[in-house]
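J.: This is the structure alone, sequence omitted:
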């Protein structure tokens, strides 16, 4: 992964959200998914955190998939 990302990561891209996410045909759907996720208290640190191991991440992803996708 490090090799793939070398020289392919951009920081501080102006208007990133507007350019790449708003007004796409799928943007309303992803916004509704996010709002449902947020409104069901799924943003708590004990549910998804920065130092998850593979098993924790898989469990989180499968739960997210089953509930929201």
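T.: Okay, I see it. The structure displayed is predicted, hence computed values, not measured ones. Numbering: from 1, shown residues only.
J.: How is residue 30 assigned, secondary-structure-wise?
T.: Using DSSP: H, G, I helix; E, B strand; the rest coil, the structure places residue 30 in helix.
J.: what about it, how many residues close to it?
T.: Using other CB atoms under 10 Å, residue 30 has 11 other residues around it. Quick note: C-beta positions are derived from backbone N, CA and C, even for glycine.
J.: Low-confidence ranges, this structure, go.
T.: Residue ranges of the chain with pLDDT under 70: 45-46.
J.: please redo it, this time with the cut-off set to 90
T.: Counting by pLDDT under 90, the chain has low-confidence residues at 1-24, 27, 30-31, 33-34, 36-53, 56-57, 59-61, 63-69.
J.: now the helices for it?
T.: 2-5, 16-20, 27-39, 54-68 (DSSP state H).
J.: The last one vs helix 27-39, what angle?
T.: Going by axes from the mean of the first three to the mean of the last three CA atoms, to 10 degrees, helix 54-68 is angled at 110 degrees with respect to helix 27-39.
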